[in-house]
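Engineer: got a sequence here, can you build the structure:
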Amino acid sequence: MLNNDGATLGEYRSYVNKVGNKRYYSSTDAKLFFGDEELEEIVSINWQMQEPKMPLYGYNSFTFDEVAVGSRIIQGTFVINYLIPNYLAKLVRTNAKSSSVEAEDKKSNDQSDAGKKTTTAATAHDKPGDSVYSSDSGTGGKINHHRAHTTLPQNFSIKIRYGSDKEGKVPYITFDEVWLQGVAHTITENGSPIYEQYSFIARDVGYSAWSR
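Structural biologist: Down below sits the predicted model:
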């Protein structure tokens with residue numbers, strides 16, 4: 001589980017007293033990073049964390065006696081301006097911290113190819129993220145991926161930072177072990193930019209306050 005301590009209330013009050021006023025953040029103050037790479041094309045992001053609870057009642061209890069805690073899940077969506085095919089996958093792969101993603105992709109490819117004869121054309125095409133937008137050549141237009149193989153980026157971190165570097169220490173939120181689940185395009189006739197919307201899940205979320 002990530003560090004969720006952040007700043008104590010006393011530290012926050014000391015900070016407010018030092019700068020002389022409270023800081024209320026807006027969307028213009030937020031920046032989104034994939035690993036260490038800033039995603040400048042971000043339009044919006046929303047997420048929620050759920051921790052289901054179930055009340056437990058004893059015999060003849062009018063109010064619950066205990067509470068059973070379920071499993072945590074973080075789910076969300078974000079929208080970016082469409083730039084180039086597979087832009088998001090390229091951004092994740094070029095990030096210095098994406099080595100774990102490449103290792104998982106290689107493992108998935110090895111499992112997919114085990115005991116299965118593939119052609120050179122099919123092997124060249126079967127790269128993470130490419131088959132979502134690319135047309136297949138040499139296989140009659142048919143794409144057959146193993147269930148263990150995913151075409152969307154996986155197992156990377158997303159960080160949302162509030163405030164500017166000029167402010168010194170700023171708060172941020174980090175999503176750990178992010179897996180993209182789906183992608184959709186939005187094209188309208190009014191001339192607005194083409195949007196790509198992604199849905200994702202994350203293993204955990206951490207809050208780190210007053211740290212760059």
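
Engineer: from residue 53, how far out is residue 65?
Structural biologist: From residue 65 across to residue 53, the span is 14 Å (CB to CB, to the nearest Å). (C-beta placed from N, C-alpha, C; glycine too.)

Engineer: kindly report the same for residue 63.
Structural biologist: Residue 63 is 14 Å from residue 53, by CB to CB.

Engineer: who's more crowded, those two?
Structural biologist: residue 53 (11 against 7; other CB atoms under 10 Å).

Engineer: my guess is the more buried one contacts residue 70. True?
Structural biologist: Yes: with contact defined as CB atoms under 8 Å, residue 53 reaches residue 70; the gap is 6.7 Å.

Engineer: state the helix or strand in which residue 152 lies.
Structural biologist: Under the criterion of DSSP states H and E, residue 152 resides outside all helices and strands.

Engineer: tell me which helix or strand of the protein sits lowest on mean pLDDT?
Structural biologist: Least confident helix or strand, the chain: helix 120-125 with a mean of 40, by mean pLDDT, DSSP states H and E.

Engineer: can you tell me the SS state at residue 92?
Structural biologist: When classified by DSSP: H, G, I helix; E, B strand; the rest coil, residue 92 comes out as helix.

Engineer: how much space between it and residue 192?
Structural biologist: 26 Å.

Engineer: which residue ranges of the chain form strands?
Structural biologist: 30-34, 37-38, 42-50, 53-56, 66-69, 73-81, 154-162, 172-186, 195-208 (DSSP state E).

Engineer: can you lay out those strands as JSON lines showing distance to residue 22 and mean pLDDT?
Structural biologist: Shown next, in JSON lines, are these (distance: least, CB to CB, whole Å; pLDDT from 0 to 100):
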{"stretch": "strand 30-34", "distance to residue 22": "17", "mean pLDDT": "89"}
{"stretch": "strand 37-38", "distance to residue 22": "27", "mean pLDDT": "84"}
{"stretch": "strand 42-50", "distance to residue 22": "24", "mean pLDDT": "93"}
{"stretch": "strand 53-56", "distance to residue 22": "32", "mean pLDDT": "96"}
{"stretch": "strand 66-69", "distance to residue 22": "34", "mean pLDDT": "96"}
{"stretch": "strand 73-81", "distance to residue 22": "27", "mean pLDDT": "93"}
{"stretch": "strand 154-162", "distance to residue 22": "13", "mean pLDDT": "88"}
{"stretch": "strand 172-186", "distance to residue 22": "18", "mean pLDDT": "90"}
{"stretch": "strand 195-208", "distance to residue 22": "18", "mean pLDDT": "91"}
